[in-house]
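[1] Pasting the sequence and the predicted coordinates here, then a few questions.
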Amino acid sequence: MEEQTPKKFHFTKQMKIALAVAVVVCIGCGLVYLDTAYGSGKIRGLFVKSSVTQNTGSPKAGILAEIPLDAGSSPSFAVNNQAFLLCTKDGAKYYNSVGDQKWNDTFTMTTPTVIQEGKFMAVGDLGGKNVRVYDESGLLYHVQLEGSLSQFALNENGYLSLLEKKDSGYEVKIYNAKGTLLKGRVEETPGIYPISTDVSDDNKSFAVSYVDTTDVYPIGRVLFFYVNPEDSENYTDSLYASAADKADEIIGNISYRSNGVLAAVSDKGVYGFRDSEEVWSYHLTNVVNYISFQQKDRIVLTLGDALPGEEGKEEGTVCWLSANGAEEASYVSGKDITYLSAWKDGIVLGTDHTYTGIRHTGREAWVYQATQDVTDVIPMESFSRVLVVGQDMARILDMDKYKGEAIDVPEDLVETTPEVQTDEALPIEGETGSDGAKEQEAGADTQQAEGENTDASGADASGSEKSETEKNDTEKTETNQPAADTESGDVPAES
């Protein structure tokens with residue numbers, strides 16, 4: 001899955017119709033993936049070998065396991081604590097842990113893309129005709145399409161919603177966890193195109209976002225439908241609610257939140273809808289480079305240039321929105337952001353070859369300096385234990401101990417890799433960065449004078465104290481989270 005630097009656009013009224021048509025054309029070609037579970041879809045260009053090895057003996061400090069990769073077969077990963085799904089063009093394999101394969105499923109896909117919602121995972125062939133849905137026990141069901149797949153999403157119960165492109169138009173389809181088709185909705189109105197779908201976690205309704213190009217300017221629209229016949233018998237075409245149209249806006253992504261509200265993102269704002277009622281809105285002053293719905297209790301945005309006529313925030317700012325649409329935290333990277341993923345305990349932010357783990361409070365937890373191109377950085381059973389996917393190798397790293405990779409080249413060619421920072425290595429809140437650094441230097445000098453040494457893995461003598469501090473920081477973060485009905489979406493995520 002190759003990371004691509006996000007393109008930055010300033011939308012003008014003259015560009016809106018052209019952009020709407022371009023989005024529809026791209027979706028029809030299977031080139032755009034609007035993923036309600038993961039927030040971005042990226043085409044992977046690697047091949048995963050069958051071997052998965054675990055370090056034994058004396059592993060390099062902090063490198064817990066390695067998974068060799070070769071170019072050619074588009075690997076994707078989904079992670080659930082120590083377990084993980086490894087998917088390629090040729091099939092999927094599920095591991096209870098490194099070296100302990102539980103099952104495998106063979107298939108052939110051109111552009112396999114993995115999404116996950118809770119314990120369920122789906123692999124869809126974008127632009128192709130297949131979607132396969134799994135849980136930890138293996139394949140649950142397989143969907144074969146007549147047309148081509150342009151978008152798909154899961155709910156926390158294994159229900160699948162998808163958009164199928166056909167010669168005559170589009171069709172929205174909803175399947176239950178047994179693979180039974182519950183609803184099929186044909187979209188053939190000229191000039192009105194479905195963009196994104198999602199199904200609610202109570203299994204009762206699904207939503208579809210549209211772009212209406214029949215007027216002078218495009219209109220963003222969200223419609224709500226019942227899934228089950230007993231709920232929809234008094235409604236035409238099962239349509240029971242329509243959110244307010246957004247004139248001169250394009251609503252690209254929608255996602256049900258843990259509190260039942262549907263979040264919708266346009267080029268001008270982020271909105272929360274409870275059926276036809278708009279319950280909150282967040283006005284955008286900047287171009288949004290990345291957005292993540294992976295963590296269902298919050299939405300994470302990375303911001304680019306200021307929009308025309310807006311003062312805007314500093315480019316490279318990250319904003320956290322709560323389930324109620326309020327900005328609860330922010331972080332200024334000061335750099336061009338090229339990667340974003342959100343998880344239960346924090347986010348991973350990429351700027352060129354530097355990847356930073358940041359708590360949902362906006363506080364840095366660790367920094368990873370990559371020595372090669374990285375396509376994914378996925379936390380596993382803890383926020384500090386991550387799966388780093390590179391060009392020729394995926395590694396499971398313990399960020400509390402990892403101190404960089406030893407490269408077998410002459411010493412005069414070796415570049416120094418910055419040490420990983422943990423929460424506790426940062427200045428104490430309220431202190432300046434320089435003061436904090438001075439105090440850390442003083443503490444280090446004192447430890448050296450007293451003869452305190454680091455252990456063989458590179459962790460210092462206060463490692464256990466660091467772990468406890470990190471635990472307290474996590475507990476504090478969870479205390480500050482808004483109340484939620486479920487904890488679904490804490491991947492292994494986000495469509």
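    Happy to help now that I have it. Residues are numbered from 1 along each chain as shown.
[2] Buried residues, stretch 300-318. List them.
    Using 16 or more other C-beta atoms under 10 Å as the test for burial, stretch 300-318 gives 300-304, 306-307, 312-313, 315-318. The way it works is simple: take the backbone N, C-alpha and C, and place the C-beta from them, glycine included.
[3] That one spans what distance, first to last residue?
    Its start and end residues considered, stretch 300-318 measures 7 Å (C-alpha to C-alpha, to the nearest Å).
[4] related to what we said a few turns ago, JSON lines please, covering the buried residues of stretch 300-318 and showing secondary structure, distance to residue 327 and pLDDT.
    Below are the buried residues of stretch 300-318 laid out as JSON lines (DSSP: H, G, I helix; E, B strand; the rest coil; distance: C-beta to C-beta, whole Å; pLDDT from 0 to 100):
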{"residue": "300", "secondary structure": "strand", "distance to residue 327": "11", "pLDDT": "96"}
{"residue": "301", "secondary structure": "strand", "distance to residue 327": "9", "pLDDT": "95"}
{"residue": "302", "secondary structure": "strand", "distance to residue 327": "14", "pLDDT": "96"}
{"residue": "303", "secondary structure": "strand", "distance to residue 327": "12", "pLDDT": "95"}
{"residue": "304", "secondary structure": "strand", "distance to residue 327": "17", "pLDDT": "95"}
{"residue": "306", "secondary structure": "strand", "distance to residue 327": "17", "pLDDT": "95"}
{"residue": "307", "secondary structure": "coil", "distance to residue 327": "17", "pLDDT": "95"}
{"residue": "312", "secondary structure": "coil", "distance to residue 327": "14", "pLDDT": "94"}
{"residue": "313", "secondary structure": "coil", "distance to residue 327": "10", "pLDDT": "95"}
{"residue": "315", "secondary structure": "coil", "distance to residue 327": "17", "pLDDT": "95"}
{"residue": "316", "secondary structure": "coil", "distance to residue 327": "16", "pLDDT": "96"}
{"residue": "317", "secondary structure": "strand", "distance to residue 327": "11", "pLDDT": "97"}
{"residue": "318", "secondary structure": "strand", "distance to residue 327": "11", "pLDDT": "97"}
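[5] now those residues in TSV, with distance to residue 351?
    What follows is those, written out as TSV (distance: C-beta to C-beta, whole Å):
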residue	distance to residue 351
300	15
301	16
302	10
303	13
304	13
306	19
307	22
312	19
313	16
315	12
316	8
317	12
318	11
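[6] Looking at these, which one is closest to residue 350?
    Residue 350 lies nearest to residue 302 out of these, by C-beta to C-beta, at 9.8 Å.
[7] show me what contacts the residue lying closest to residue 314 once chain neighbours are set aside?
    The shortest distance from residue 314 to any non-neighbouring residue, by C-beta to C-beta, 6 or more residues apart in numbering, is to residue 332 (5.5 Å). Contacts here follow C-beta atoms under 8 Å, 6 or more residues apart in numbering; on that basis residue 332 touches 314, 316-318.
[8] could you redo the last one with a cut-off of 7 Å?
    Listed by C-beta atoms under 7 Å, 6 or more residues apart in numbering, the contact set of residue 332 reads 314, 316-317.
[9] What does it show for phi and psi?
    phi -110, psi 110 (degrees, to the nearest 10).
[10] Identify the bridge partners of it.
    Counting by DSSP bridges, residue 332 forms beta bridges with residue 317.
[11] same thing with residue 211?
    When bridges are taken as DSSP bridges, the partners of residue 211 come out as residue 193, residue 220.
[12] what's the answer for residue 357, then?
    Bridge pairing for residue 357 (DSSP bridges) gives the partners residue 348, residue 366.
[13] Also residue 135?
    Bridge pairing for residue 135 - DSSP bridges - gives residue 138.
[14] try residue 83
    Applying DSSP bridges, one finds that residue 83 bridges with residue 80.
[15] Can you name the residues that contact it?
    Going by C-beta under 7 Å, 6+ apart, residue 83 touches 95-97, 136.
[16] for residue 228, same thing?
    Residues in contact with residue 228 (C-beta under 7 Å, 6+ apart) are residue 204.
[17] how far away is it from residue 202?
    From residue 228 across to residue 202, the span is 11 Å (C-beta to C-beta, to the nearest Å).
[18] do residue 302 as well
    31 Å.
[19] which SSE is residue 230 in?
    Using DSSP states H and E, residue 230 falls within helix 229-232.
[20] Quick check: next helix or strand after that helix?
    strand 239-242.
[21] Next SSE downstream of that following strand?
    With DSSP H and E, the next secondary element past strand 239-242 is strand 246-247.
[22] Pull the residues that contact that following strand.
    Residues outside strand 246-247 that contact it (C-beta under 7 Å, 6+ apart) are 217, 219-220, 266.
[23] Point out where the stretch 101-250 of the chain drops to low pLDDT.
    Residue ranges of the stretch 101-250 of the chain with pLDDT under 70: none are present.
[24] what residues are up against residue 355?
    339, 348, 368, 370, 374, 377.
[25] Quick check: chain neighbours aside, which residue is closest to it?
    In space, and not counting its chain neighbours, residue 355 is closest to residue 368: 4.5 Å by C-beta to C-beta, 6+ apart.
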